[in-house]
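Chemist: Okay, here's the prediction I keep looking at, along with the sequence it came from:
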Amino acid sequence: MRDEQQQRLDRIVEWMYTVADPWMRDRSSVQPQAGSDLAEDDTYGLAVSPPPHRGIVMALDHLGAVVDTMVTGPLKRLNPHFTVLRTALVAGTRVCWLLDSDMSDERRLRAIQYRFENLEEQRVALTDFSDIPVADDQGETLAESLEIIAMERRELESRALELGVNKLSRPLSTTKMLKSLVDLTTPDGTGMMHLWRTGSASAHGHYWADDLRDNPATFNHEWFPPVIQGTCLMISRAMKLHHKRATRRSA
């Protein structure tokens with residue numbers, strides 16, 4: 001690995017431990033300041049601020065897992081680090097998409113769509129359990145949970161209707177979000193897209209990405225620096241955007 005690449009990795013480690021970890025422990029980052037964009041968004045009945053904060057925490061937690069491994073010794077495992085970084089990239093990208101618009105109505109609608117998708121994923125997961133034999137009290141709890149989800153879905157649909165949307169749908173695909181946020185002609189943009197696609201392959205048990213490498217039996221030191229740097233840039237962008245929305249009001 002070149003000295004320049006190692007220096008970049010060293011800066012990422014320092015940033016993780018001196019900026020990112022303290023941010024996650026800082027409870028003041030949870031609540032937006034009075035008069036800010038997010039504080040205003042939250043006044044309409046359905047809080048917009050929690051999903052972006054939770055998304056950043058999820059992104060940093062996954063990034064931190066890779067950084068922790070980096071500092072304990074040389075990276076050896078072939079695929080897990082890229083899969084974990086992909087999750088961090090996904091979470092950071094979604095936060096940027098949630099907060100990117102200067103228009104309150106658009107941010108509120110995106111938060112509704114984001115919550116709707118999360119709710120649908122939960123509903124599908126709980127529905128799978130309905131086919132598994134459980135005790136009577138567990139079955140009642142499951143039924144109650146599904147009813148609560150149905151109620152929350154109706155509220156989301158009502159909120160979306162207030163914003164002029166006749167049919168509530170899921171958000172943009174993460175691929176479209178990512179492509180709308182990065183310049184794919186730059187090294188960082190290329191690194192993000194490379195991570196998105198190859199990390200997806202590993203996450204789903206596909207081996208085509210390994211087949212494209214000269215030596216799939218060794219750790220990919222060539223691609224690791226740009227993909228972790230791209231991931232850090234996206235998360236950093238999400239944190240800066242969150243700070244902007246949580247501390248000031250758009251003109």
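Modeler: Thanks, I have it.
Chemist: what's the spacing between the lowest-mean-pLDDT helix or strand in the chain and its chain's center?
Modeler: Taking mean pLDDT, DSSP states H and E as the measure, helix 208-211 is the helix or strand of the chain with the lowest mean score, a mean of 84. A distance of 25 Å separates the C-alpha centroid of helix 208-211 from that of its chain, computed with Cα atoms, centre = their mean, to the nearest Å.
Chemist: what packs against it?
Modeler: Contacts defined by 3 or more Cβ pairs under 8 Å, 6 or more residues apart in numbering; DSSP states H and E place helix 208-211 against helix 187-203. Bear in mind the C-beta positions are built from the backbone N, C-alpha and C, glycine included.
Chemist: who touches the helix it packs on?
Modeler: The contact list for helix 187-203 (Cβ atoms under 8 Å, 6 or more residues apart in numbering) reads 79-80, 82-83, 85-87, 89-90, 174-175, 178-179, 182-184, 207-209, 223, 226-227, 229-231, 233-234.
Chemist: Kindly report the same for stretch 161-181.
Modeler: When contacts are taken as Cβ under 8 Å, 6+ apart, the neighbours of stretch 161-181 outside the stretch itself are 89-90, 93-94, 96-97, 100, 105, 108-110, 112-114, 116-117, 120, 156-157, 160, 192-193, 196, 234, 237.
Chemist: For residue 149, see how far away residue 102 is.
Modeler: The gap separating residue 102 from residue 149 is 32 Å, by Cβ to Cβ, to the nearest Å.
Chemist: Between those two, which is the more surrounded one?
Modeler: For residue 102 against residue 149, the residue with the higher neighbour count under other Cβ atoms under 10 Å is residue 149, and the figures read 16 against 12.
Chemist: Name the nearest residue to the more buried one, sequence neighbours excluded.
Modeler: With Cβ to Cβ, 6 or more residues apart in numbering as the criterion, residue 149 has its nearest non-adjacent residue at 5.0 Å, and that residue is residue 123.
Chemist: Is that neighbour in a helix, a strand, or coil?
Modeler: In the three-state summary, residue 123 is assigned as helix, counting by DSSP: H, G, I helix; E, B strand; the rest coil.
Chemist: pretty sure it is in contact with residue 151, am I right?
Modeler: No: shown here, residue 123 and residue 151 do not form a contact pair, counting by Cβ atoms under 8 Å, at 11.8 Å.
Chemist: Looking at the two, which is more packed in?
Modeler: Legend: neighbour count by other Cβ under 10 Å for residue 123 and residue 151, higher for residue 123 (16 against 10).
Chemist: So for the more buried one, what's the pLDDT?
Modeler: Per-residue pLDDT puts residue 123 at 92.
Chemist: What of the one 3 residues further on?
Modeler: Predicted confidence (pLDDT) at residue 126: the value is 87.
Chemist: can you tell me the helix or strand for it?
Modeler: For residue 126, the element it lies in under DSSP states H and E is helix 104-129.
Chemist: same thing with residue 5?
Modeler: Taking DSSP H and E as the definition, residue 5 sits inside helix 3-15.
Chemist: For the helix or strand following that helix, output the C-alpha coordinates as CSV.
Modeler: Note on helix 3-15: by DSSP H and E, the next helix or strand toward the C-terminus is helix 21-25. Extracted as CSV, the C-alpha positions of helix 21-25 are listed here (Å, rounded to 0.1, in the frame of the first residue of the first chain):
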residue,chain,number,x,y,z
ASP,A,21,-17.6,8.3,18.3
PRO,A,22,-18.0,11.4,20.4
TRP,A,23,-20.9,12.5,18.1
MET,A,24,-22.7,9.3,18.8
ARG,A,25,-22.3,9.7,22.5
